[in-house]
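Colleague: Please find the sequence and the predicted model below.
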Amino acid sequence: AIQLTQSPSSLSASVGDKVTITCRASQGIYSALAWYQQRPGKPPKLLIYDVSTLERGVPSRFSGSGSGTDFTLTISGLQPEDFATYYCQQFTDFLLSFGGGTKVEIK
Amino acid sequence: EVQLLESGGGLVQLGGSLRLSCVASGFSFRNYGMNWVRQAPGKGLEWVAGISDTGGSAFYADSVKGRFTISRDNFKNTLYLQINSLRAGDTAFYYCGKDLLGAVPYLDSWGQGTLVTVSS
């Protein structure tokens, strides 16, 4: 099974900061990668799929990039509601896996 | 509006069995693949199983293969997860999630989750 490694596992940032989260796959996954946001006590919310396609209703300050094994989620201009945990997810041959998560905390 | 409502969780003894349900509404259930994802308290997300729109194909994480069975009833708009031989490591919130597109497993809608607690 393909493993996804996220870094960092946590970070502290201030409102207005630019934040970058990295997701590395154990083997190439083409463009089958998504990003989710999870706030405490809530289910995950899909933000981005196919590496860089923004889900409907997701603010444009969120963006995704990458290819092969290395992918990034960028939040340009962190807002108070963005403090949450973020997960990457891939699928290959209908088997899914998630990264370990990155918790974005208020500095 | 898409709604997914899980049920069936609870306190279960080690080695026991449980069947989780997820009732779907607000979309054409029979046209979408569905998945179960679990999250141990304070931990990350773990995909456990997925099923095609017709129910003809099912997929499992290695960690649950042979103990978990995913199924669906497209007449009742309901997804199921049968869990056998429960282990302490199965303690988690179990979420059902809907594929973004018919057979593309990005999960664009999630239920609120049902908690399974395995006791010894």
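Modeller: Nice, I can see it.
Colleague: and stretch B:41-48, anywhere near chain A?
Modeller: Yes. Remark: stretch B:41-48 sits within contact range of chain A at B:44, B:45, B:46, B:47, by C-beta under 8 Å from any C-beta of the partner chain. For the C-beta atoms, the positions are set from N, CA and C on the backbone; glycine is no exception.
Colleague: Please, a PyMOL command that selects the buried ones among the residues you listed?
Modeller: Applying 16 or more other C-beta atoms under 10 Å in any protein chain shown to the residues of stretch B:41-48 next to chain A leaves a buried subset, and the PyMOL line that selects it is:
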select buried, chain B and resi 45+46+47
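Colleague: In JSON lines, list the residues of stretch B:41-48 next to chain A along with pLDDT and distance to residue A:94.
Modeller: Compiled in JSON lines, these are given as follows (pLDDT from 0 to 100; distance: C-beta to C-beta, whole Å):
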{"residue": "B:44", "pLDDT": "98", "distance to residue A:94": "21"}
{"residue": "B:45", "pLDDT": "98", "distance to residue A:94": "17"}
{"residue": "B:46", "pLDDT": "98", "distance to residue A:94": "16"}
{"residue": "B:47", "pLDDT": "98", "distance to residue A:94": "11"}
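Colleague: can you tell me which of the residues of stretch B:41-48 next to chain A are in strands?
Modeller: Counting by DSSP state E, the members of the residues of stretch B:41-48 next to chain A that fall within strands are B:45, B:46, B:47.
Colleague: got a markdown table for those residues, with distance to residue B:76 too?
Modeller: Output for those, formatted as a markdown table (distance: C-beta to C-beta, whole Å):
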| residue | distance to residue B:76 |
| --- | --- |
| B:45 | 27 |
| B:46 | 27 |
| B:47 | 24 |
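Colleague: so which of these comes closest to residue B:61?
Modeller: Using C-beta to C-beta, residue B:47 is the member of those that sits closest to residue B:61, with 5.8 Å.
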